[in-house]
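**Q** Provided below are the primary sequence and the corresponding predicted coordinates.
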Amino acid sequence: MRLSSMTDYAVVIMSAAARHCGTCSLIEQAGGKRARISAAQLAEETGLPAPTVQKLVSKLSAAGLMRSSRGVGGGLRLARPPATISLADIVEAVEGPIALTACIDRAKSDCTLESCCNVKGHWPQVNAAVRGALAQVALTQLVEEV
């Protein structure tokens, strides 16, 4: 299994945003505002093309992982503290629900083995295990130095 480059880029963007956010929940508890960053700054910092960053920010915002605001002091910020955002959340924001095979989705399944497949019933358990593993990795972990 390999994630798309767009999903990889989304993880890079979210990690960069988390580095700028810092300890968001502590800032908010103190009555402050979360740090913000522009899409142009994210593009420059990550080395990704600006149109790619804008496209991914749109997907991440639609999934409730980022928020944007306009005007003075505007920009992008994480919608939640980074400790509450998992790798699974980011993957699903770009790829959709985690499913290793197409046969799980009846609308997309065109498998010639479907009528005699003995494995199909096991894929939900496998998908849940993969999602569970990705859900265990918080965005805060992806920001830490390796």
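**A** Great, that's in hand. Numbering: from 1, shown residues only.
**Q** show me what contacts Met1?
**A** Residues near Met1 by CB atoms under 8 Å, 6 or more residues apart in numbering: 100, 130. To be clear about C-beta, it is placed using only N, CA and C from the backbone, and glycine gets the same treatment.
**Q** Ala35: how many residues sit nearby?
**A** 17 (other CB atoms under 10 Å).
**Q** again, but for Pro49
**A** By the criterion of other CB under 10 Å, Pro49 has 11 neighbours.
**Q** Ok, Leu139 next?
**A** Residues lying near Leu139 (other CB under 10 Å) number 24.
**Q** what are the phi and psi angles of it?
**A** Main-chain dihedrals, Leu139, degrees, to the nearest 10: phi -60, psi -30.
**Q** Quick check: it touching Ala79?
**A** No - between Leu139 and Ala79 there is no contact under CB atoms under 8 Å: 11.4 Å.
**Q** Mind listing the shared neighbours of these two?
**A** In contact with both Leu139 and Ala79: no residue, using CB under 8 Å, 6+ apart.
**Q** my guess is Leu76 is in a helix, correct?
**A** No - per DSSP: H, G, I helix; E, B strand; the rest coil, Leu76 lies outside any helix segment and is strand.
**Q** OK, contacts around it?
**A** Leu76 touches 17, 36-39, 42, 57, 66-68, counting by CB under 8 Å, 6+ apart.
**Q** From Asp89, how far off is it?
**A** Here the criterion is CB to CB, to the nearest Å. By it, Leu76 lies 16 Å from Asp89.
**Q** need the strands for the chain, in chain order.
**A** Secondary structure of the chain (DSSP state E): strands located at 66-69, 75-78.
**Q** quick one on the thing from earlier: and which of the contacts of Leu76 is nearest to Ala128?
**A** Lowest distance from Ala128 to those (CB to CB) belongs to Met66, with 26.2 Å.
**Q** What sits closest to the closest one if chain neighbours are left out?
**A** Leu60 (4.4 Å; CB to CB, 6 or more residues apart in numbering).
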